[in-house]
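>>> pasting a predicted model and its sequence here:
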Amino acid sequence: DAGITQSPRHKVTETGTPVTLRCHQTENHRYMYWYRQDPGHGLRLIHYSYGVKDTDKGEVSDGYSVSRSKTEDFLLTLESATSSQTSVYFCAISEQIEQYFGPGTRLTVT
Amino acid sequence: GEDVEQSLFLSVREGDSSVINCTYTDSSSTYLYWYKQEPGAGLQLLTYIFSNMDMKQDQRLTVLLNKKDKHLSLRIADTQTGDSAIYFCAASSGSARQLTFGSGTQLTVLP
């Protein structure tokens, strides 16, 4: 299995609070991605990174920001969490063709 | 943008073949993928096919691609109860090979 960890694995937070999710890889892969998974929608891309400090928006980026200051870490921040951001968040990594996924973070915004 | 569609449910008997279908809209998609997700788990990459190929076989898995119709299928031979899961089709695009996923097909294998 690709060396990808996500933290925390579960989080409950209140509306309006900031939340940061962390993805850490040990594979030295160039590309990193954040997706969210919701019933009936499959997975949808939030943001992705193609190198240190190089990031771009995905399909559902509103309300989210990302940072990548090191190859191995990709952070997803919800500046002010809303109930619509309750979801399961998956990080993925890729070097060439294959894209590998982390175990996910279940976030509940109350 | 890209749109990927799959049927939601499929039930088969143990030992039969399963065929999961997928359609996509963007003819410039370079790679097409199949992932498996078991309850409470992440996504496991099963296989992928390059867009200029028609077929790829990997043990019990066969992927067929009809590029003209933008139709992708995954055949699982001799389906087992351990194959029960949600299967996602995904298409890649862009320089970072961002993935667009279908909604997933819930495969149930009956004994």
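Ah, there it is.

>>> mind checking the longest strand of chain A?
Using DSSP state E, we find that the single longest strand of chain A is strand A:42-51.

>>> can you name the residues in contact with it?
A:30-38, A:55-61, A:64-66, A:68, A:74, A:76, A:89-90, B:4, B:43, B:88, B:90, B:95-96, B:98-104 (CB atoms under 8 Å, 6 or more residues apart in numbering or on different chains). All C-beta atoms are positioned from the backbone trio N, CA, C, and that covers glycine.

>>> so is stretch B:66-85 next to chain A?
No. Applying CB under 8 Å from any CB of the partner chain, one finds stretch B:66-85 separated from chain A by no less than 13.9 Å.

>>> what does that stretch contact?
Residues contacting stretch B:66-85 (CB under 8 Å, 6+ apart): B:12-25, B:27, B:32, B:34, B:36-39, B:46-47, B:49, B:51-52, B:54, B:60-65, B:87, B:89, B:106-109, B:111.

>>> likewise for stretch B:45-65?
In contact with stretch B:45-65 (CB under 8 Å, 6+ apart) are residues A:97-101, B:29-36, B:66-67, B:71-78, B:87.

>>> let's see that with 7 Å instead.
A:97-100, B:29-36, B:67, B:72-78 (CB atoms under 7 Å, 6 or more residues apart in numbering or on different chains).

>>> same question, stretch B:29-36
A:97, B:2, B:43-51, B:63, B:65, B:72, B:74, B:85, B:87-93, B:97, B:99.

>>> so the closest residue to B:Glu38 other than its chain neighbours bridges to which residues?
Nearest residue to B:Glu38, sequence neighbours excluded (CB to CB, 6 or more residues apart in numbering or on different chains): B:Ala85, at 4.8 Å. Here B:Ala85 sits in beta bridges with B:Leu107, as judged by DSSP bridges.

>>> and what of B:Lys56?
Note on B:Lys56: beta-bridge partners B:Val63, judged by DSSP bridges.

>>> pLDDT score for it?
B:Lys56 carries a pLDDT score of 96 in this model.

>>> element containing the residue positioned nearest the centre of chain A, please.
Note on chain A: the residue nearest the mean C-alpha position is A:Trp34, at 3.2 Å, using CA atoms, centre = their mean. Using DSSP states H and E, A:Trp34 sits within strand A:31-38.

>>> repeat for A:Cys91
strand A:87-94.

>>> ok, residues contacting that strand?
Residues from elsewhere that reach strand A:87-94, judged by CB under 7 Å, 6+ apart: A:2, A:4, A:6, A:21, A:23, A:25, A:27, A:29, A:31-38, A:43, A:74, A:76, A:99-102, A:104-107, B:42-43, B:97.

>>> between that strand and strand A:42-51, how many degrees?
Per axes from the mean of the first three to the mean of the last three CA atoms, to 10 degrees, the angle that strand A:87-94 makes with strand A:42-51 is 40 degrees.
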